[in-house]
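> here you go, sequence then predicted model.
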Amino acid sequence: MKLLPALFALLIGLAGGFFLSPSASDSALSESNQLLSAAERGAAATSEASKPSVRSSDEAITVEWLEEVDGMDQFDQIGALHARLKNFKVADFPSLMDQIDDNQNTVLSWQMRSMIAARWAQLDPQGMLTYANAQSGSMSWSLYNTVFSEWAKQDVQAAYQAAQQLDTRRAQQSAMQAVINAVAIDQPARAVEMAKQHYGSELGNQGRWLVQSIFRNWSKLDGEAARNSALSMPEGTAKSAALAGSLSDWMADSPLDALAWLDSLPIDSSVYGSRKEVYREFLNRDFDVAREYIESVEDPVERREIMESLQFNNLVWQKSFEEIEGIFDWMGTVAKGQVYDNRVSSIISSMAESDPDRAIDFVLNMRPGNARMNGLNAIGSKLAEVDPARAFAFIDSLAYEDEKRRALGGMGWRLSQQGVEMSSRLVAAHTDPIVQQQLAARISGEWSNYDIPGALAFSEALTDDQARISSQRAVINNWMESDATAALFYIENSIEPDVQVSVLRDAYSSWARNDPAAAAAALDLLPESIDDKRGDVYRGVAGPYIQHDSLEASEWISTLDKGIERDQSVEILVNKISKNDPEAGFIWAATVGDENRRKNTLRTSVQEWIKVDPQAAFDAITDAKIDAAEKEPLFKMLEGKLE
C-alpha cells in the first residue's frame, strides 16, 4: 500500500485543521471554583445550537474504496479522506470504528481511527464516550483521550462532569488529564486551577507530569507569568514540576540565563527538586551548555549534584572519538571520587562504539581503580553487543582475574540477548574457567525459559565444576515452577549428593518468590534422601512467603507437624514479625519444639517487645507455659526496664 507512515503523520496533523470547529470562550475559574459561569454555559449552548447539521453520505468507507484511494497521489488522498469523513452521519460512526477492527491489515490503521474518533467526538461526544466505555485495554484509553480532548474544546463543563462520572479511578484520571490539557492550550492559568481542584495535594506521578506539561505550554505563551505563578505555589512536588515546566521555553532560547535565574531563587525543597529536573532534562541535551554551566558552579556539593544528573551517553552522541576523549579529560577536571568513577562507563561505552581498538587501548592505559574497572565493564558489555567473538578475545587479553571478572560482569545479559545458542557455544568452548563461571548461569537461565533440555545439555557439558552446578541451578529454578516432579527427579539422580540440599533450597526459594503457596504445597514432594535436611528447604520457602503475606504464611506454618521443618519456619516467622508485633512473635516462639531454637526465638521477640512495652512483655513471660529455667534469662532482659 502507498499510504506510508509519513502520510499518516501528515493526515493526523491536518485532521485538526479540517475538523476542529471554534470553541466557546471560557473565563477563568471563580473563587468558588465554578468551571463555567452562567454566561459561558449560555455561549456553549448557543454554539451547540448553531452547529451545522451533518450531511448524510450514500457511500461508506469500504476496503474497495480504500484501494481506489490508494492509487491517488498524497494530496488527493488527503482530500478524498476528508471529504468522505466530513459528510458521515453520526449514526454511521460505530459501524465504521468496528470496520477498522475487521480490516487491521489495510490502511484502516490506528491513524485512521484517530481521525475518525476526532470527528465523531466533535459531533457526538456522548455517543463516542458510550462506545469508548464498551472497549477494553489500550483502545479504551486512546478513545478516552480523544473524546475528552475534543469535548473540552466545545464544552468544558460537560466534559469535566462526564470525566468525573467514569467508573474507575484510572479512567477518570485519563479523561481528566485530557480535559485539563485541552484547556491548558489557551488558558493555562485556568488549567492550573482545575488540576489543583482535581488532584489536591496528592499529585502522584501522573499529576506531577500534568502540572509540568501545563506550565511548559504556559511558558510558550507568557514565560514570566508562568514562572510567577509557579513561584506562588506552596512548597511541594507541584511547585517543583511547575518551576521546571515554566523554564522550558526560556531554556530553549537562553539556557544559561534560565539556569542563573533558577539559581538566584531562595532555596527550598521545591526549588531544589526543580533544579534536579532541569539538570536531567536540559543539560543532557547540549554538552557545551552543560560544560559552561558546570564550570561556573563553585560549590563542590552543588557541582557534584549536577554531575550525578548528567548522562554522558546523550552528551557524546554522534561525536568523534577525539571529541569523546576530550569530554572524558574535561570530566576529570570537574568530577572527583565516586562521581568520577560512576560517570566513566557511559563515556567508555561511546568510545567503544566509535572505535573499539582505540577504546580498548584507552581503558588499558587508565590508572588502577574503580574508574578503570568500570571502563573494562563498559568495554566488555559493548563488545558483547556488537561482536561477541571480539569480546572474548578482549577478555583473554586481560592479565588479572579481578579485571576479567569485572569485564565479564557486563557481558552476560548482552550475550543472552544476542542468541543463547550462539553464546553458549562460545562459552562452552572457552578454556578459561572464569568465563564459564561468570557467564554460564546467565545463559542457561535465559535458555531454560523456553528450552529446558537444551539448557540442561549445555550446563552438563561445561568443564568447570563451579560453572556447571551454578548453570544447572539456574535451569532448575525455572523448571521447578513448570514441572516440579521432573525437576525433583533430575536433582535426585543427576546432581551431586553433597549439593542436593542447597540446590533444592534455592529452587524452592526461587519458586516461593513467584508463587509461595504453590511452592509450600509442593514441599511434600521432597525426596526422602534429604529427610534430615528438610528444614533448610522449608526455611527457604518460609522467608519469601512471610515477606509476601505474613498472615497467610503463618496459617500455612500452623498446619505443619511438629518437627525441624516447623521449628525452622517458625524461627523465620518470629524474626520477621517481632519488630511490628512482638506479642505475636513471643506466642509463636513459645511453640518451637527444639529447646535451643525456642530459647533463641523467645529472646528475639522479647528484645523487640521491651522497646515498646516492657510491662506487657513481663506479664507474658510470667504467664507463658515454659519452664522456669527458660523464663529466668528473659526476666533478666527486663531488669531496669520496668518502672
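Received, thanks.

> got any ranges where the stretch 101-250 of the chain has weak pLDDT?
101-112, 137-138, 201-206 (pLDDT under 70).

> would you map out the domains in the protein?
Annotated domains of the chain cover 5-36+55-184, 495-570, 578-643 [automatic domain parsing].

> CSV for those, including distance to A241 and mean neighbour count?
Bear in mind the C-beta positions are built from the backbone N, C-alpha and C, glycine included. Listed next are these as CSV, based on distance: least, C-beta to C-beta, whole Å; neighbours: other C-beta atoms under 10 Å:
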stretch, distance to A241, mean neighbour count
domain 5-36+55-184, 13, 17
domain 495-570, 34, 18
domain 578-643, 35, 16
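
> need the helices for the stretch 301-450 of the chain, in chain order.
Secondary structure of the stretch 301-450 of the chain (DSSP state H, counting those that start in this stretch): helices located at 312-315, 321-334, 337-354, 356-364, 370-386, 388-397, 401-409, 412-418, 420-429, 433-447.

> got the CA coordinates for stretch 403-415 in PDB?
Extracted C-alpha coordinates of stretch 403-415, given in PDB (Å, rounded to 0.1, in the frame of the first residue of the first chain):
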ATOM      1  CA  GLU A 403      39.700  -7.400  35.800                       C
ATOM      2  CA  LYS A 404      38.500 -10.300  33.800                       C
ATOM      3  CA  ARG A 405      35.600 -10.800  36.200                       C
ATOM      4  CA  ARG A 406      34.700  -7.100  36.100                       C
ATOM      5  CA  ALA A 407      34.700  -7.100  32.300                       C
ATOM      6  CA  LEU A 408      32.700 -10.300  32.100                       C
ATOM      7  CA  GLY A 409      30.100  -8.800  34.500                       C
ATOM      8  CA  GLY A 410      28.900  -6.500  31.700                       C
ATOM      9  CA  MET A 411      28.700  -9.300  29.100                       C
ATOM     10  CA  GLY A 412      26.200 -11.800  30.500                       C
ATOM     11  CA  TRP A 413      22.900 -10.000  29.700                       C
ATOM     12  CA  ARG A 414      24.200  -8.700  26.400                       C
ATOM     13  CA  LEU A 415      25.200 -12.200  25.200                       C
END
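
> just to check, A182 is in contact with S149?
Yes: using C-beta atoms under 8 Å, A182 is in contact with S149, at 4.8 Å.

> quick one: list the elements packing against the host helix or strand of R190.
Here R190, judged by DSSP states H and E, is contained in helix 188-199. On a contact count with 3 or more C-beta pairs under 8 Å, 6 or more residues apart in numbering; DSSP states H and E, helix 188-199 meets helix 169-184, helix 204-231, helix 237-246.

> so which of these is the most surrounded?
Counting by mean count of other C-beta atoms under 10 Å, helix 237-246 has the highest mean neighbour count of these, with a mean of 26.

> beyond it, next helix or strand please.
helix 248-253.

> buried ones in the following helix or strand past that following helix?
Using DSSP H and E, the helix or strand that follows helix 248-253 towards the C-terminus is helix 255-264. By neighbour count on 16 or more other C-beta atoms under 10 Å, the buried set for helix 255-264 is 255, 258-259, 262.

> now swap in stretch 317-324 and tell me
319, 321, 324.

> and the last one, what does it touch?
When the contact criterion is C-beta atoms under 8 Å, 6 or more residues apart in numbering, the partners of I324 are 316, 347, 350-351, 354.

> let's verify K579: helix, strand, or coil?
Under the three-state scheme (DSSP: H, G, I helix; E, B strand; the rest coil), K579 adopts coil.

> make JSON lines out of the helices of the stretch 301-450 of the chain and add mean pLDDT and distance to E492.
JSON lines is the format used below for the helices of the stretch 301-450 of the chain (pLDDT from 0 to 100; distance: least, C-beta to C-beta, whole Å):
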{"stretch": "helix 312-315", "mean pLDDT": "87", "distance to E492": "48"}
{"stretch": "helix 321-334", "mean pLDDT": "95", "distance to E492": "55"}
{"stretch": "helix 337-354", "mean pLDDT": "93", "distance to E492": "44"}
{"stretch": "helix 356-364", "mean pLDDT": "96", "distance to E492": "47"}
{"stretch": "helix 370-386", "mean pLDDT": "95", "distance to E492": "36"}
{"stretch": "helix 388-397", "mean pLDDT": "93", "distance to E492": "36"}
{"stretch": "helix 401-409", "mean pLDDT": "95", "distance to E492": "32"}
{"stretch": "helix 412-418", "mean pLDDT": "85", "distance to E492": "29"}
{"stretch": "helix 420-429", "mean pLDDT": "89", "distance to E492": "26"}
{"stretch": "helix 433-447", "mean pLDDT": "94", "distance to E492": "20"}
